[in-house]
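Asks: Got a predicted model here, sequence first, then my questions.
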Amino acid sequence: MTSLGSVFASMMDAHRRAQRCAVRVRSHYDREYLRALRRADEQQDSASLRSSGPNAASPGDAPHVTDIRVLIDGADRWRVETRAADGTTHSVEGCDGTRRWILQDGVVRDSYESVGGERRRLPVETVWAANRARTAREVLDPALVLPSIGITSVSGVESRFGPATELTCTPRSTDITESAMVSPLANSVYLDVLTDSGFLVSARNVDEAGSTLVAHDVIELDVSPRFGPADFTPPAR
């Protein structure tokens, strides 16, 4: 069986293998879990809790199943699409190498960040990982997850993408760190890490009774994609 040390090394180095790739992550959220997140958020005003589920502050509006698809071609060409289970598009944003854009209400606009209340354009190579694709980012850079977990056991499993190592974990305090993959309300977390690449292809958060609160599964993963000229430009409307 793969040693824990080699799993850590693979996870730490995974982002180097994600410079050109396509990934799609499907997330399943228990609605009662979302309501619990909202209650915890209201009581603690915790940004860490808000990061663990989509629209956690408005669980009635959050879809039970969501998809995030990310295309990456180097640091400055990327595209992020978020959709509901029925295919309804929530958002599309990207960068074609020189322009960062977002599609909102059928209109393509330049995308900016607010820094200290000031509307400011950020360097294009810094932004894809900071947007709403945090779940996909942790798939491709799983070292981000490590501070959020305490590992209790390791076993070999077979994933849809090949041999993997399953890490059985307990979530750490979100006062220390936050993770899109790891829920602060879970009792146990099961993470599947690919043996050859270190990518995180599955995360299942369960409560004390063993019921799944939230699960994230990679359903598409291509590390040698063939991109077309329109993949990183705004959609024609």
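Replies: Noted; the coordinates are in hand.
Asks: where's the residue nearest in space to the middle of the chain, which helix or strand?
Replies: Nearest to the geometric centre of the chain sits Thr135, at 0.5 Å (Cα atoms, centre = their mean). According to DSSP states H and E, Thr135 maps onto helix 134-140.
Asks: what's next to that helix, contact-wise?
Replies: Identification of contacts with helix 134-140 by Cβ atoms under 8 Å, 6 or more residues apart in numbering yields 14-15, 18, 21, 23, 25, 27, 51, 68-70, 72, 80, 128-129, 144-145, 179-181, 199-201, 216, 218. All C-beta spots, glycine's among them, are computed from the backbone N, C-alpha and C.
Asks: re earlier: starting from Leu200, give me the distance back to the closest residue to the residue nearest to the centre of the chain other than its chain neighbours.
Replies: Distances taken as Cβ to Cβ, 6 or more residues apart in numbering place Ala180 nearest to Thr135, at 4.4 Å, with adjacent residues excluded. Distance from Ala180 to Leu200, counting by Cβ to Cβ, to the nearest Å: 11 Å.
Asks: Confidence-wise, which helix or strand of the protein is lowest on average?
Replies: helix 47-50 (a mean of 42; mean pLDDT, DSSP states H and E).
Asks: how about the very next helix or strand once past that helix as PDB, C-alpha atoms only?
Replies: Going down the chain from helix 47-50, the next helix or strand is strand 65-73, by DSSP H and E. C-alpha atoms of strand 65-73 as PDB (Å, rounded to 0.1, in the frame of the first residue of the first chain):
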ATOM      1  CA  VAL A  65     -26.800  19.100  -6.800                       C
ATOM      2  CA  THR A  66     -24.400  21.500  -8.500                       C
ATOM      3  CA  ASP A  67     -21.800  21.100 -11.100                       C
ATOM      4  CA  ILE A  68     -18.600  23.100 -11.500                       C
ATOM      5  CA  ARG A  69     -16.500  22.800 -14.700                       C
ATOM      6  CA  VAL A  70     -13.100  24.400 -15.000                       C
ATOM      7  CA  LEU A  71     -10.800  24.600 -18.100                       C
ATOM      8  CA  ILE A  72      -7.200  25.700 -17.600                       C
ATOM      9  CA  ASP A  73      -4.600  26.500 -20.100                       C
END
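Asks: Any idea how far apart the tips of stretch 165-180 sit?
Replies: 20 Å (Cα to Cα, to the nearest Å).
Asks: Can you list the buried residues in it?
Replies: Thr165, Glu166, Leu167, Cys169, Pro171, Arg172, Thr174, Thr177, Glu178, Ser179, Ala180 (16 or more other Cβ atoms under 10 Å).
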